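Student: Using only what follows, build the 3D model:
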Amino acid sequence: MDDHRNSTPKNAIGLCLLPQELIQNIFLSLVLPEIIRLKLVNKSFSRIISDHTFVRQCNNLSTSTTWLFVYKKRWLRDAVLHAFTDRSSDRWFRIPIAELLKPVHFHGEDLYFLAASNNVFLFASNTVREVVAVNLVAVAVKKIPPSPLGPRGTSSWRRSGMKLVTDPSGSGHFRFMFAEFVGNRPVLFVYDSETDTWKSTGAEENEASGLSPRGGGYFFLNVVHGPRESVLVASTPECDEPVVLRPRFDDARGGGGNLTVGFSWGNVIDRLHVYGDGYMMIVKSEGVRVTGESGVTRSVRVLKGVELWGLSLDGRNWEFVSMVPGVIEKPYAAMMGCLEEKNGIVRAALVSNCEGVWDMTWLSFDTKWNRWTWTPLPDCKMKGWNMAGISFSSGLTLP
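Tutor: Numbering: from 1, shown residues only. As a prediction, this is how the structure comes out:
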């Protein structure tokens, strides 16, 4: 892993003269890609970073460090993930994956990044219609057998309809789950890396008086969305009794206009809905005419507001939670987003493109303190490239 600027220590010899405890404290203030880079500097640093006490302390900090991963279309020899963390707000890190993918003979220009959790990353190929799991720290790659639905192209995977969950013990095992309609019935599909098998379970309609509150231990996988109603599958971590939720959306605040889910392109879409983990973010915009430096007038969308909605306790309605304060006015021609909730913090990334220039904003909402924060992300050097997947994750760890 490396970053977008030269961060090789120039005073490594002098740093080695400091007490080991002080060096460890300095290293613990860094994020994992920086620590891995330091491990390659000299044997002294490698010994400190490999110490069991340091590994334990570093991994404890990593569990609360959130990352945003972005993959852009490039040839296999240049296949790179870009990573940004809320602990290092001024840079992107580059994670080369081309060498890892060579054993599975994937074509880099055909890859799509599906999901990430801890050290495990999932990629899908549209040509061979396969999914592979890449463990960045263990430097391992594994093909996942086709699901009971058969081989799937990249367009079949919906970000809000799938979930990657890794074993907290650090064993490297993981489960990959997604929900789809099969014969007019929502079905939960779960792959277990330990047994290398798939399991499918039909979801039952929610007849109980209610489910646990948002963030109460359920996984929420989105199946389909309409202007007034959604269909989700809620499952416990054991994935044995999935339940169908059909929350209604009644926006008395003014929810008219054209709607799209996940990705917005063109000048006629007024609302972009982004879903994840039992939450829905509504991005509102309006069309305007602007004149560029060349004097050419064109139509663009201008971001006017962002609202957050969440499932009601019984799963039967979408309820308004909060609105981003102020007005985030931003012109764009296309926009997409991803959304996740973890430990009471809802995080969203809004990615827009205007005349080939990418712009990204990280939004966070603390449900306990009812507080928003938002950060424009630094330039990811993506001009001229197509984005091929985006995902939040946390828990990158040392082996």
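Student: Run a quick neighbour tally on the nearest residue to residue 178 once chain neighbours are set aside.
Tutor: The shortest distance from residue 178 to any residue other than its chain neighbours is 3.9 Å, reached at residue 162 (Cβ to Cβ, 6 or more residues apart in numbering). Heads up, the C-betas are built off the backbone N, CA and C, glycines and all. Residues within reach of residue 162, counting by other Cβ atoms under 10 Å, total 18.
Student: secondary structure class for residue 54?
Tutor: Three-state assignment for residue 54 (DSSP: H, G, I helix; E, B strand; the rest coil): helix.
Student: State the pLDDT value of it.
Tutor: For residue 54, the model assigns a pLDDT of 88.
Student: so how far is residue 22 from it?
Tutor: Note on residue 54: its distance to residue 22, by Cβ to Cβ, to the nearest Å, is 13 Å.
Student: Those two: which is more packed in?
Tutor: Neighbour comparison, residue 54 and residue 22: the larger count goes to residue 54, with 19 against 10 (by other Cβ under 10 Å).
Student: dump the residue contacts of the nearest residue to that one once chain neighbours are set aside.
Tutor: The shortest distance from residue 54 to any non-neighbouring residue, by Cβ to Cβ, 6+ apart, is to residue 24 (5.3 Å). When contacts are counted by Cβ atoms under 8 Å, 6 or more residues apart in numbering, residue 24 touches 48, 51, 53, 54, 57.
Student: List every C-alpha atom in stretch 27-46, with coordinates, as CSV.
Tutor: Taking Å, rounded to 0.1, in the frame of the first residue of the first chain, the C-alpha atoms of stretch 27-46 are listed here in CSV:
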residue,chain,number,x,y,z
PHE,A,27,3.5,4.4,14.9
LEU,A,28,0.2,3.9,16.6
SER,A,29,-0.8,7.5,15.5
LEU,A,30,-0.5,6.3,11.9
VAL,A,31,-3.0,4.4,9.8
LEU,A,32,-2.4,0.8,8.6
PRO,A,33,-1.0,1.6,5.1
GLU,A,34,1.6,3.9,6.6
ILE,A,35,2.5,1.3,9.2
ILE,A,36,3.0,-1.4,6.5
ARG,A,37,5.2,0.9,4.5
LEU,A,38,7.4,1.6,7.6
LYS,A,39,7.7,-2.2,8.2
LEU,A,40,9.7,-2.3,4.9
VAL,A,41,12.1,0.5,5.9
ASN,A,42,14.5,-1.5,8.1
LYS,A,43,14.7,-4.5,10.4
SER,A,44,14.3,-2.4,13.5
PHE,A,45,11.0,-1.0,12.4
SER,A,46,9.9,-4.5,11.2
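Student: Go through that stretch and flag the buried ones.
Tutor: By 16 or more other Cβ atoms under 10 Å, the buried positions in stretch 27-46 come out as 27, 30-39, 41, 45.
Student: out of the residues you listed, which are inside helices?
Tutor: For the buried residues of stretch 27-46, the ones inside helices are 27, 32, 33, 34, 35, 36, 37, 38, 39, 45, with DSSP state H as the criterion.
Student: After the lowest-mean-pLDDT helix or strand in the chain, which helix or strand is next?
Tutor: One helix or strand of the chain scores below all others by mean pLDDT, DSSP states H and E: strand 263-265, with a mean of 46. Next along the chain after strand 263-265, taking DSSP states H and E as the criterion, comes strand 271-276.
Student: What is that next one packed up against?
Tutor: With contacts defined as 3 or more Cβ pairs under 8 Å, 6 or more residues apart in numbering; DSSP states H and E, the secondary structure elements packing on strand 271-276 are strand 219-225, strand 259-261, strand 279-291, strand 334-342, strand 345-354.
Student: So what are the sheet partners of it and their directions?
Tutor: strand 259-261 (parallel), strand 279-291 (antiparallel) (DSSP bridges).
Student: Could you verify that residue 61 is part of a helix?
Tutor: Yes. Per three-state DSSP, residue 61 lies within a helix segment.
Student: Tell me the pLDDT of it.
Tutor: Here the pLDDT value assigned to residue 61 is 83.
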